Each structure stands twice: as structure tokens, then as C-alpha cells.
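Visitor: Kindly return the folded structure for what I paste below:
(chains A and B)
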Amino acid sequence: MNRVRVWVRDLAMGVRIAAGGGRQGWSRTLLSAAGMGLGVALLLIAAAVPSMIDGHAQRIADRAEPWSNTLKPGVHTMVVVDANEIYRGSEVYGRLLAPDGDRPPLPPGLTRVPGPGEVVVSPALARLLASPDGKLLGLRFTDRTITGTIGDAGLTGPNELAYYEGRDSLDRYGDAIHRLDHFGIRSPATDMDPLQLTLLIVAFIILLLPVAVFVATAVRFGGEQRDRRLAALRLIGADTPTTRRIAAGESLLGALCGLVCGTGAFLLIRQLAGAFTLQGFSVFPSEIVPHPVLAALVTLAVPAAAVAVTVFAMRRIAVEPLDVVRESVGRRRLLWWRLLVPGAGLLALAPIGGTSYARVSTGVVLLLIGIVILLPWIVQVAVQPLRRGPLSWQLATRRLQLSSDTATRAVSGVTVAVAGAIALQMFFTGVQVQYIEKTGHGGAELRAESRPADYPAAKSFISAIRSTPGVRNAEAVTRAELEVDFSNASYPFVIGDCRTLQQHARFSGPCSNGDVFVPQELRDQFKAGSHLAVQAPGRTVRKRLPVTTRLIDVPDSHPGYYAVYATPTAFDLDGVNLRTTIEMRLDPTRPDTAERVATAALRLDPQASVTTLKTTEVRADFADIQRGLYVGAIGVLLVIGASLLVTLFEQLRQAKRPLSVLAAFGTRRTTLALSLLWQTAIPMVLGLALATACGVTLGSLLLKAGDQPVRIDVPGLLALTSAGAVVTLLVTAISLPTLWRLMRPEGLHTE
Amino acid sequence: MSSAVLTAVGLRKTYGTTPALAGADFGISAGETVAVMGPSGSGKSTLLHCLAGIVLPDAGTIMYGGRKLSALSDAERSALRRSEFGFVFQFGQLVPELTCIENVALPLRLTGHSRRAAERAAMPWLERLEVADLANKRPGEISGGQGQRVAVARALATAPRVVFADEPTGALDSLNGERVMELLTDAARATKAAVVLVTHDPRVAAYADREIVVRDGHTRSMGAAA
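Guide: Numbers count the residues shown, from 1 in each chain, chains lettered A, B, ... in the order given. The predicted structure follows:
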């Protein structure tokens, strides 16, 4: 019989034995399947990430507005104004539409362009407006009628808050209007800079490796009991390789069930995904489609891993006839081959002879796999000399001395995840300097901006914001874009009453309505009586600088150093492009002040924007990667927690008989609970120490590879190692009721 | 049974809807070995678990040293098992992670002895049970018969007043089984420990001073063992 047929025969026999193993056999298979199913589900989700990203990009492209300055109004054109806003931290996509003719272009997801005063909203926005949470947002739509909902084709995700509002005319919005004759552009190729690409690859590897580690762990669930059962096969003449293959067949059934469970879980998650929004990102179930090649890889790799891991693990166990299994103990783990993998990883990451993404990715994978390989050796070396201590400590250390595999398998996922997270944290902290942009404002917390039609509208806007409860220290400035006819240079033209101007430009002295003030630095450009060209929608208005124009001293560090200051009656401001900006502080005792300000602003000007101010802002594309990483990290942490729990349950289930016996002769619960804790905590502490060392090394190498200065983020490092420790402790605590249950005397029954 | 160390009257115990004991009586004196016999599922092990305070009966009274067992808290019963009872089971009773000497020393450590003192006290028992050379081996490295001897040593190491043995030779061949029984009963007699011996094997029961039979949850005294 050829080798393939022998393998198939033995694997099939293993599957049959596992399937016919009765309730206990099936419970073991299902536990293994549950563990692998978790991993498979996450791998399939990861395999669907490209389609999710593509789908999201395509949807954005489909509703993009390819406007043109040269487009003339016609029956097929429409004017659009961006009215995006933020409501309680969530972005609201808003567009004001004013068709030029009878057959305007239709945005995706709409069956007709809403008429004047009509609003079409997304289902999520409709739900929000109908709920008590949306009451404040609803005030922004009071004088408009919601006439329909936006179809899926017009949304980036099922939970996106979006609306289209119809208008007669959008002329008052000046140069903010865009004229277009169709919606949608070709989906742009997403070009990432090399640093971003490296980040993305590394993040993916780091998030997926713990899952792979867990899949390999789940394969061994129930292994110890299975090994004993295999002794019966040796009795009837099965040789050692046959026994290993049959054992692999038993694991194969678990893996196949795991594939089915994982696919089922994936389909369930896919169906439920539409109901959730993570970090502002929601996705349509129809777009969660695993890449065929990746899905095929998962489908083949999981059963193959099950077979390979079992055959490899069985090499360490001598299954003999007559129901006797002698585990090879006292065998010293060899270090040299364990160093090969991380060594190769370090070599790949070393900044010698240039770097490439393939090299960086390979280095990261090898270094992280190296942790998994090194951990059992480190645990063995560390626990071998442990002798003294209380009984619980002795029980735990002896268990680890006998076989550190089970416990280290349980924590290796956490270790890899923490090492990866430390490296990424370091890398992010190191490179984000490049992606942080200073916003240039000081102590203000909120900014409201509007483009008023005229100065009285600007005054109304300022007054409405200032009178909103909870607003403090509001500083308002209205500007007009102003060009000097001899130079074509553009200067802001700040308009306000005397008090506002004096506050803003920090000058003192007499001031009355009709006055104009020019900083000393601009005295040559703005001479009293000279002519100015002021921008109005579609035209330039000529104005004359009053002869009473006065020179003032403005500190050169002041943002208004290159601005002209005018009181409202100094010029006729009719038809001039104005922009009003109010920066303010908020009363911390009044929640929702920001939303009230937004409501007041948007009721007066639907195109007004209200933004929360930070001293720095992270660039959007960098923030996207960071957000993706957080979303992934949440998923991986959940899987790690669940996998640790399943692993601990499995360990306890296998120890059911000894636990019952220990309870029978009076062992205290606390002794066994502490022993369980030590058994997990010792490898965990070692694992976290290794994770810290590897994470810092990996982070440093990645920073060096990206030509960035190396710096260790100690608080971040502590937070991450603490998170790893908390996950493990929490899982141990959750498993205690199972320990108590297994200590019951029912475990002593043999009949 | 004037010097009875452990007595039970009218014990009843039901698991779900299945009655395990339906009015069982029992008594044992210091230094005495009593074999509890009966077919599988007759309630032998349940009787042993009730007598040892591992499970509480639904009805009936168990008296040990003048104390009513069911009146003791779980912690008090655990303490009793640690200090005054010893146990030998059919299989799976040695802690696989610990060496043989550590296993024998385990009950002593549970009663507060230091590791060194516990192991010093455990060693003579290993010698007595003829397994001293296995002291530093783990259960996975020794045979079933050797493991049972270690278990007997462990049961006797705390100088218990009562040893509970549940099918102690069930997993052994006859030669090994006989040797284990000889060692167990000899050692128990020498320390004046009472032995409650659950078995379905008449050859094992023959080592006892007398036999009782459990059938359908009831006990019947059979007098002195053959």
C-alpha cells in the first residue's frame, strides 16, 4: 500500500474512533472544535478585510462629487454643498442639493432628488431622530420634512448617519457650492506611503499570530486522554507511526468540526455585523466576503495544522500496549534550535543592506513565532530550580516541571499579542510625530464657523452661539477675503465692533464705528484712501479704504499680524464673502453644550461647522490605521480571552479525577485555587517578561527600519503588560466555579 | 462493637431518582478491617463516601468519635478527612505532577507539616510498602501495582484512625493485588487503624475480619470473612 493510502486509511480510522467515542469522545471533539472554530471565524473575518476595505472605498467613490468650475448650469446639472457635521462624536454625512434643471444627476441610494424643504435620511439617522438620543439633532431639521430613506447603495455602512436635503438655491454659500452633472468617480487606487504599508502589514501579522497559536493549541485539546486510549490499538498490533496517524485522525475530526463551527460563527458574525459600529466604522454583511484564496488557505491550513501538530506532539509520547503510557519525562529541552527562528527574525529585521516590506514582515513573523518556541524552554529553565514554598506553589511548580507545554500553550497567545502590541505601540509613538499636525489654537474647546450672507447674519450667528447655555469666553471674528489691486495678494479682512477688534488684535486707543485699523507691517499695502478689491460671490467689488484709516501695533506672533481690522460701517459689505469663526470654552457642568451649539449654528446656517478643538490632530490616513488596529486588537483580545478560558476548562476537565481525590482527602479549595493561579501566573509572568523584551526589540528594529529615532513608551508598555496580566487573571477567576464543581465527590464514581 | 470508632444507622441516599442507599447500617471498631461487598451499582461506594463524610446522606446518622458527621460543616469534615482518615482508590489517585514521596507527604503537608518534615515522615512508609526506590519517580513512570503501594503509603502516612479503600486492587493483577492487600492490612493492624474495604472480589474480602453485603441499598452482615 502506498504512503498516501496508508495515511488516508489511518486518518479515516482515527476519525471513526473519535466519532464513535460516545458522549465523552464527542464532548472532547466539540471542545476542540469550539476552540478551533473561534480561530477559524477570526481568520475568515481577516480574510474578508480586503473586500471590506474595497467595498467601503467603492461606496465612497460611488457617491463622490466630481464637480467642475467650468460646468455651466443646465438641465443635467445640480449644485451641491457639503453640510457634514458631528453629533455626539458621530459623523453625520450631509449634502444640500439644488438642481439647476429638470433632470439633475441622482446621488446613489436616492430614487429622486428631494424637493425644497424635503430631507431624505439614512435608516440609522431615521432611527436616531426617532429616539430620545436624537432629540437635540432633530432640532436641526425642525422646518424640514423627512420624505424618505437613503438606500444601501448611497451609504458607506448600514449604521452611517447621512442625509440629503433639497433646496431652491444655494447661492448664499458662495464659493462653497459645487456644480456637477453626475455622481461617482472611479475608485481610486489607495496608495500608501511605505511607512503606512509597513504598519499595516505588521499590525495584521501581530493580530493574526495569536489566533494561529490558539488554533495549534486547540488541536491538542483532549490529547492526554486520547493518548491513553490509543494504547489499546498498540495491543492489537498497531505500530507507533500508525498510532500517531490514527491520533492525527482523531484531531482531524475536531478540526473539521472546527471548520464547520468557525464557518457557522463567521456567517453569524457576518449577519450580526451590520448592527455594530466600531470606531465609527460599520459594514454591510454583503461586503464581508473572504478572499477566495485566503478562504481556501484557511480551509486547508486548519485541518493540515491539526494533523501536523498531533503527529509532532505524539513523538514525545511512547504509547505502549497493555494500557500503559509512559510519558518521556526529565528530558531537557534543547535551546539551540529554538534560537534559530527568533535569530532569523532578528537578522531579517536588522538594518543591514536595506529593508523591504517582505523582509520586515518575515522578520516580524519569525520573531513572534520565536516567542512561542522559546517560551516552553524558558518556563522549564525557570521552574526547574523551584523547590520551596507552600503546597499550592509545589503543586503548580511540579505540574510545570512535569510538562510546561499545557500552561505555556495557554499563555503563548497572550505573550505574542502583548509583544506585538508593545512593538506597535513603540512604532506608533515613534512615527506619529510625522503624522501629527498642530492645529494652532490655544485654550478654546469648541469652534463654530459659518459663512453668513451679510454682516447682520454674522451678528445673529454670533449672538445665537454666545447665548447658548454653557458657552463661556466666546471669541468671535468675521473675516472677508480681501485683495489689494496692485499685488494680487490676499489678506484677511477682520470685521467686528470696537471691543471685538481691540480684543482680537490686542490694540488699545480710540475706536468708533466706521474706523479701519491696519498693522504697521502692512502700511505700504493699505494706505488711507487706496482702492481695494474685495471678493464677492462670482465677482470682485471695489472698495475704497477710508482716509481715517489708522495704523496699529500688532505683536508679530499674533495670528492677525497680516490682517486689516474694520468696524462694520466702515464699508458697504453687501455681497462680500464673509466667514464667521467663534472659538469658545464650555461649561463642564452642562453636558451636551457642544450639541446645543451645533444645533443653534446649523439652524441658522446648515453649512455651519462645529468642531471640537484639540491642540494637535492625527492625520486622517494614519488615524485610519490606528483605528483599524484598535478594532483588530479588540477582536484579538476577545478571542484570546475566550481561548484561554476554553484551554483552562480543558485542563480542568482532564484533571477531574485527581481533583476529586484531592478533595476527598480534605484538600482545601483555596489550596487548589491558588495552585491553578500559580500554574497560569508563573508562565504568564515569564511570558510577559519575554514579550516585553521581544516587543521592545521588535519595536526598536521596526523604528530603525523606518529611519525613526528609537524611544520606549514606558507608560504604554506598562499598560499593555498589565492588560495581558488582567486578561489571564480574569480568565483564571472565571474558571474557578468549574474547579469547585470538579472537586465534587461525583468525580470519584467509577461505575 | 463496644469500641466502635465509626457507626452508621439507617443511611439513605438518592442520586436524582436513583436510590443508592435505602436504609444502610454500618459499624467498625479500631484496628478492624471490614469488607463491603456487593454487585456493581449496589451502593458500596456511596456507603464509603457517606462514611468518610465526602457526601452527606439524605437521611440516617453517622457517628464518628462521638460526633455526628452530618452536623459538621464542610470545612470541619474536610479537616477530619485530612487528619483522621486515609484513602485508597482504584486508580487515578496519585497527583501525576508530584513524585512518589511528595504524593505520600501530601496529606501531611495539608495538615501543616513543612515539606522537609512531611517527606521525612513519608519515607518510612515507602520503605514499609517496599517502594522506597521509587521515591523520586513520578506516577507516570511506575507500574499500577507500585502506584497502589504508594497510595497505601499515602493513606497511612497521617496515622489515620480509619482507612477507606475503594476497590484498591481493582486495576491490578492477582499477584500484585494480593501483595497490596497484605501490606495494607498488616500496616493497618500495626497502627490500629480501622479499614473500610469496598470490593466485589471475594479474594480481596478474605483479608478482612468480617464482611457486610450491600444489595439494593441495604446492608446485611455476613459475619467473619473466610
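Visitor: what sits against residue 176?
Guide: All of this refers to chain A. A:Val81, A:Asp82, A:Arg451, A:Gln607 (CB atoms under 8 Å, 6 or more residues apart in numbering or on different chains). C-beta coordinates here come from the backbone N, C-alpha and C atoms, glycine included.
Visitor: if you could check chain B rather than the one you did, that'd help
Guide: Taking CB under 8 Å, 6+ apart, one finds B:Ser143, B:Gly144, B:Gly145, B:Gln148, B:Thr169 in contact with B:Asn176.
Visitor: Most neighbours among those residues, please name it.
Guide: B:Gln148 (32 neighbours; other CB atoms under 10 Å in any protein chain shown).
Visitor: one step back: from the contacts of B:Asn176, which are also near chain A?
Guide: Checked against chain A using CB under 8 Å from any CB of the partner chain, the contacts of B:Asn176 yield the following neighbours: B:Ser143.
Visitor: Tabulate the contacts of B:Asn176 in TSV, adding columns for secondary structure.
Guide: Formatted as TSV, the contacts of B:Asn176 follow (DSSP: H, G, I helix; E, B strand; the rest coil):
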residue	secondary structure
B:Ser143	coil
B:Gly144	helix
B:Gly145	helix
B:Gln148	helix
B:Thr169	coil
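Visitor: wait, which of the contacts of B:Asn176 is closest to A:Val15?
Guide: Distance to A:Val15 across the contacts of B:Asn176 (CB to CB) is lowest for B:Gly144, with 30.9 Å.
Visitor: quick one on the thing from earlier: buried among the contacts of A:Ala176? Need that as a selection in PyMOL.
Guide: In PyMOL, this line selects whichever of the contacts of A:Ala176 come out buried by 16 or more other CB atoms under 10 Å in any protein chain shown:
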select buried, chain A and resi 81+82+451+607
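Visitor: of the contacts of A:Ala176, list those near chain B.
Guide: Of these, not one also sits near chain B (CB under 8 Å from any CB).
Visitor: Mind telling me the two of the contacts of A:Ala176 farthest from one another?
Guide: Most distant of those, by CB to CB, are A:Asp82 and A:Arg451, 11.6 Å apart.
Visitor: State the distance from the closest residue to chain B within the stretch 601-750 of chain A to A:Leu703.
Guide: Taking CB to the nearest CB, chain B has its nearest neighbour within the stretch 601-750 of chain A at A:Gly666, 3.3 Å off. The gap separating A:Gly666 from A:Leu703 is 57 Å, by CB to CB, to the nearest Å.
Visitor: Next: B:Cys100.
Guide: From B:Cys100 to A:Leu703 the distance is 54 Å (CB to CB).
Visitor: With B:Thr18 instead?
Guide: 68 Å.
Visitor: cool, A:Thr149 as well?
Guide: 48 Å.
Visitor: ok, back up a step: A:Gly666 and A:Leu703: who's more crowded?
Guide: A:Gly666 (25 against 20).
Visitor: ok, that one - contacts?
Guide: Neighbours of A:Gly666 in contact, by CB under 8 Å, 6+ apart: B:Ser78, B:Ala79, B:Leu80, B:Arg81, B:Arg82, B:Ser83, B:Phe85, B:Pro107, B:Leu110.
Visitor: Turn those residues into CSV, columns for distance to chain A, neighbour count and secondary structure.
Guide: Formatted as CSV, these follow (distance: CB to the nearest CB, whole Å; neighbours: other CB atoms under 10 Å in any protein chain shown; DSSP: H, G, I helix; E, B strand; the rest coil):
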residue, distance to chain A, neighbour count, secondary structure
B:Ser78, 4, 21, helix
B:Ala79, 6, 17, helix
B:Leu80, 7, 20, helix
B:Arg81, 4, 25, helix
B:Arg82, 3, 20, helix
B:Ser83, 8, 17, helix
B:Phe85, 7, 28, strand
B:Pro107, 6, 26, helix
B:Leu110, 6, 22, helix
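Visitor: Kindly indicate which of the residues you listed lies nearest B:Asp25.
Guide: B:Phe85 (19.9 Å).
Visitor: phi, psi of the closest residue to A:Asp572 other than its chain neighbours?
Guide: Once flanking residues are discounted, A:Asp572 sits nearest to A:Lys543: 7.6 Å by CB to CB, 6 or more residues apart in numbering or on different chains. Main-chain torsions, A:Lys543, degrees, to the nearest 10: phi -130, psi 150.
Visitor: just to confirm, which helix or strand has A:Ser412 in it?
Guide: A:Ser412 belongs to helix A:405-435 when elements are defined using DSSP states H and E.
Visitor: Confirm for me that A:Arg186 is in contact with A:Ala61.
Guide: Yes: with contact defined as CB atoms under 8 Å, A:Arg186 reaches A:Ala61; the gap is 6.7 Å.
Visitor: so where's chain B shaky on pLDDT?
Guide: Where chain B drops to pLDDT under 70, the residues are B:1-2, B:92, B:223-226.
Visitor: tell me which parts of it are close to chain A?
Guide: So chain B meets chain A at B:40-41, B:45, B:49, B:52, B:54-55, B:78-83, B:85-87, B:89-99, B:102, B:106-107, B:109-110, B:115, B:138, B:140-141, B:143, B:166-167 (CB under 8 Å from any CB).
Visitor: residues of the lengthiest helix in chain B that come out buried?
Guide: Scanning chain B for the helix with the most residues, using DSSP state H, yields helix B:174-190. If you call a residue buried by 16+ other CB under 10 Å, then helix B:174-190 has these buried ones: B:Asn176, B:Gly177, B:Glu178, B:Arg179, B:Val180, B:Met181, B:Leu183, B:Leu184, B:Thr185, B:Ala187, B:Ala188.
Visitor: repeat for stretch B:98-118
Guide: Taking 16+ other CB under 10 Å as the criterion, stretch B:98-118 shows B:98-110, B:113, B:115, B:118 as buried.
Visitor: Among those, name the ones in helices.
Guide: B:100-110, B:115, B:118.
Visitor: Just give me the neighbour total for residue 40.
Guide: No chain in the question, so chain A it is. A:Val40, neighbours per other CB under 10 Å, totals 28.
Visitor: Please refer instead to chain B.
Guide: 9.
Visitor: Surely it is within a helix?
Guide: No: with three-state DSSP as the criterion, B:Ser40 is coil rather than part of a helix.
Visitor: next one: phi and psi at the residue nearest to A:Pro546 when sequence neighbours are not counted?
Guide: Distance criterion CB to CB, 6+ apart; nearest residue to A:Pro546, sequence neighbours excluded, is A:Val516 at 5.5 Å. Note on A:Val516: its backbone torsions stand at phi -130, psi 140 [degrees, to the nearest 10].
Visitor: Quick check: A:Ser68 vs A:Val80, distance?
Guide: A:Ser68 is 12 Å from A:Val80, by CB to CB.
Visitor: Tell me which of those two has more neighbours.
Guide: Between A:Ser68 and A:Val80, counted using other CB under 10 Å, A:Val80 has the larger neighbour count: 25 against 11.
Visitor: a strand runs through the more buried one, doesn't it?
Guide: Yes: according to three-state DSSP, A:Val80 belongs to a strand.
Visitor: Count the neighbours of the closest residue to it other than its chain neighbours for me.
Guide: Closest residue to A:Val80 apart from its sequence neighbours, by CB to CB, 6+ apart: A:His178 at 5.0 Å. Applying other CB under 10 Å, we find 19 residues neighbouring A:His178.
Visitor: ok, now A:Ala474?
Guide: Neighbours of A:Ala474 using other CB under 10 Å come to 18.
Visitor: Spit out the contact partners of the nearest residue to B:Val162 once chain neighbours are set aside.
Guide: Closest residue to B:Val162 apart from its sequence neighbours, by CB to CB, 6+ apart: B:Ala194 at 4.7 Å. The contact partners of B:Ala194, taken as CB under 8 Å, 6+ apart, are B:5-6, B:28-34, B:161-163, B:188.
Visitor: Of those, which belong to strands?
Guide: If you go by DSSP state E, these have B:Val5, B:Leu6, B:Ile28, B:Ser29, B:Thr33, B:Val34, B:Val162, B:Val163 in strands.
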